[in-house]
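> Take a look and give me a structure for this.
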Amino acid sequence: MVKISSIVNATKPDRLCAIDASTNSIAFAIFNGKEVEQHGKILFSGKNTYDKVTDAARKTLGIMKIFDIKHIVIEHTVFMNSPKTVADLALVQGAVLGAAGSEGAKVEGAVSPITWQTFIGNGKIDKYDKQKIVEENPDKSKSWYKARERQLRKQKTINFVNTYYDKNIHDDDVADAVAIGHYAIHNWDKIKKA
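From the prediction side, this is the model:
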């Protein structure tokens with residue numbers, strides 16, 4: 001027996017905004033159906049986290065008004081860096097989502113980074129590719145190799161987005177926002193509902 005609530009919750013909106021928020025910026029991609037209607041990135045101003053949180057709320061409110069956003073999907077916060085970074089990101093995401101909600105936008109759900117990355121064929125780098133990076137760049141530090149892996153994965157996302165959507169995006173945060181939206185529109189039933 002199918003619950004009516006599950007059918008209602010699974011209904012994908014025609015238009016949605018995918019968000020990749022960081023402690024310093026918000027990257028967004030607005031989808032109309034399966035097409036990217038608009039994309040961009042806005043930097044936050046401020047001397048400290050709290051100034052940036054205030055600016056994040058103000059600028060998000062502007063995005064919601066200008067583009068008449070009613071539905072949002074956001075990248076879920078995961079613990080990968082320091083506790084301070086995670087706490088700062090949570091503050092920014094709270095400001096972003098609070099501002100969006102005050103304009104009537106509904107957070108439809110969240111997706112973890114590795115989930116959307118794997119979906120577009122950009123999962124974790126395997127042993128073979130790690131070894132190839134080391135062979136091509138001998139005598140580097142462990143941190144250099146990690147940074148190189150991250151750089152290669154960011155470029156792979158950019159390449160995917162530009163090829164699939166026929167775009168010319170160079171900013172990795174904007175490409176991430178498009179990829180988050182791509183995952184959402186193709187896996188609506190798997191989006192973690194907020």
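
> so after the helix or strand of the chain with the lowest mean pLDDT, what's the next helix or strand?
None of the helices or strands of the chain scores lower by mean pLDDT, DSSP states H and E than helix 4-10, at a mean of 46. The element immediately downstream of helix 4-10 (helix or strand, assigned by DSSP states H and E) is strand 15-21.

> and the closest residue in space to residue 156 that isn't next to it in sequence, helix, strand or coil?
Distances taken as Cβ to Cβ, 6 or more residues apart in numbering put residue 122 closest to residue 156, at 4.7 Å, once the chain neighbours are dropped. All C-beta spots, glycine's among them, are computed from the backbone N, C-alpha and C. Classification of residue 122 using DSSP: H, G, I helix; E, B strand; the rest coil returns coil.

> For residue 122, give me its contacts.
153, 156-157, 160 (Cβ atoms under 8 Å, 6 or more residues apart in numbering).

> First-to-last residue distance for stretch 15-28?
End-to-end distance for stretch 15-28: 13 Å, by Cα to Cα, to the nearest Å.

> what comes up buried for it?
16-23, 25-28 (16 or more other Cβ atoms under 10 Å).

> is it possible to export these to TSV including pLDDT and distance to residue 141?
Output for those, formatted as TSV (pLDDT from 0 to 100; distance: Cβ to Cβ, whole Å):
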residue	pLDDT	distance to residue 141
16	95	41
17	97	39
18	97	35
19	97	34
20	96	28
21	94	30
22	92	25
23	91	25
25	96	28
26	96	32
27	97	29
28	98	35
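
> Look through this structure and tell me its longest helix.
helix 142-164 (DSSP state H).

> Quick check: mean pLDDT of the very next helix or strand once past that one?
Remark: after helix 142-164, the chain's next helix or strand is helix 172-186, criterion DSSP H and E. For helix 172-186, mean pLDDT is 97.
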